[in-house]
Each structure stands twice: as C-alpha cells, then as structure tokens.
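A.B. asks: Pasted the sequence and its predicted model underneath.
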Amino acid sequence: MDKAGLRAQIRDRRRQGHTPSPGYVDRVLAAVPPGVVCAYVSLPGEPPTVEVIEALLARGDDVYLPIATDTLHWTPAATSRPWHAWGLRPGQAPEPAELPTPDTVIVPALALDHEGRRLGQGGGYYDRFLPTATAPTVALIWHDELLADVPTEAHDVRVDAWVIADE
C-alpha cells in the first residue's frame, strides 16, 4: 500500500477511538531522559500529549512545542499556554524562541514499523526538521499502528524508539 492509502486507513481507525492504558505517561517519561525536550500537542485521535507535556514540565524539563508555518519553529511550553495543535492559538500565535540543542525529540507518527520507519501526516515538517536534530527521537503510537512495513522515501528519517500508548 502507498503512503496516501495507509494514511487514510490509519486515520479511519483513529476515528474509532483508542484509550491510553494506565501508566502511559510514566512509560513516556521513562523513554525520555530529563533535559531539553521537543514535544507536540496531539491532534484528535493521536496518543494524547498534554498530560505528557505537563509531566515533563513537572519533572523540570525544558519543553518546546512546534509552531508549524512553512517550517517548524519552536516555543517554550511553559510560557505558551494554552496549548493547541500545530502550535497555534485562536487569534494569537505564540512567539518563536531559539531552540536550545534538544536532548530528545518526541515526534508524531501515524504508523511505524519495527525498524523505526515512520509514516507522518504528510506535511513534511518533521522530515525537514529531523535531519538537523542530533537528539534521539521517540514516537507515540497506538498498538495497531506498529506495522510489519511502512513505505518510505529517501528523505524519511527513522525514529530511535517508540511508546505504544494503549499497551
């Protein structure tokens, strides 16, 4: 199946709903060492990230959230509340900040395979950002999004680890 077909299939499944299992946030914290963390605000149907961001901040991490325009810019999570997907707030865009060198990047994914090949939403934001980041990457997915194979192209960047939200 090609990327577009796989994206459509996964989006249909996500509309049916998933529920994170107990301990999900703790598993994400265990996979993400303390420090500077790039995260994101989840879209409907994605594994939830607001609780993860709150836990990272409570742990003392410096968390940065993306502002998606033509490229990804970053804003500190601690000063950009309320948070909204794509980093944009109704009527007000958060101010981009200089991103310190991240220790970990939490990336969105529609699907992964066991080799860490990632299927994103298709906008290319992370495909353009990840080659510039040297930090380990962690993707958050549902159990039915870990597949035997994910179609990739030359520009696709593999993730280093993943957390399955509903296991």
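C.D. replies: Received it, and whenever you're ready, just let me know what you need.
A.B. asks: So what does Arg27 have for phi and psi?
C.D. replies: phi -70, psi -40 (degrees, to the nearest 10).
A.B. asks: need the strands for this protein, in chain order.
C.D. replies: Taking DSSP state E to define them, one finds strands in the chain at 36-38, 62-68, 72-76, 104-108, 111-113, 118-119, 137-141, 146-147, 161-164.
A.B. asks: what's the model's confidence in the second one, averaged?
C.D. replies: Meaning strand 62-68. Averaged over strand 62-68, pLDDT sits at 89.
A.B. asks: angle of it against strand 104-108?
C.D. replies: 40 degrees (axes from the mean of the first three to the mean of the last three C-alpha atoms, to 10 degrees).
A.B. asks: Tell me which residues of strand 62-68 come out buried.
C.D. replies: By neighbour count on 16 or more other C-beta atoms under 10 Å, the buried set for strand 62-68 is Asp62, Val63, Tyr64, Leu65, Pro66, Ile67. Just so you know, the C-beta spots here come from the backbone N, C-alpha and C atoms, and that holds for glycine as well.
A.B. asks: Not counting sequence-adjacent ones, nearest residue to the fifth one?
C.D. replies: Yep, that's Pro66 we're talking about. Leu72 (4.6 Å; C-beta to C-beta, 6 or more residues apart in numbering).
A.B. asks: The one you found pairs with what?
C.D. replies: Applying DSSP bridges to Leu72 gives these bridge partners: Ala68.
A.B. asks: since we're on it, how many residues are nearby?
C.D. replies: By the other C-beta atoms under 10 Å criterion, the neighbourhood of Leu72 contains 22 residues.
A.B. asks: My read is that it contacts Phe129, right?
C.D. replies: Yes: using C-beta atoms under 8 Å, Leu72 is in contact with Phe129, at 4.7 Å.
A.B. asks: Can you name the residues that contact Ala55?
C.D. replies: By C-beta atoms under 8 Å, 6 or more residues apart in numbering, the residues touching Ala55 are Val25, Val28, Leu29.
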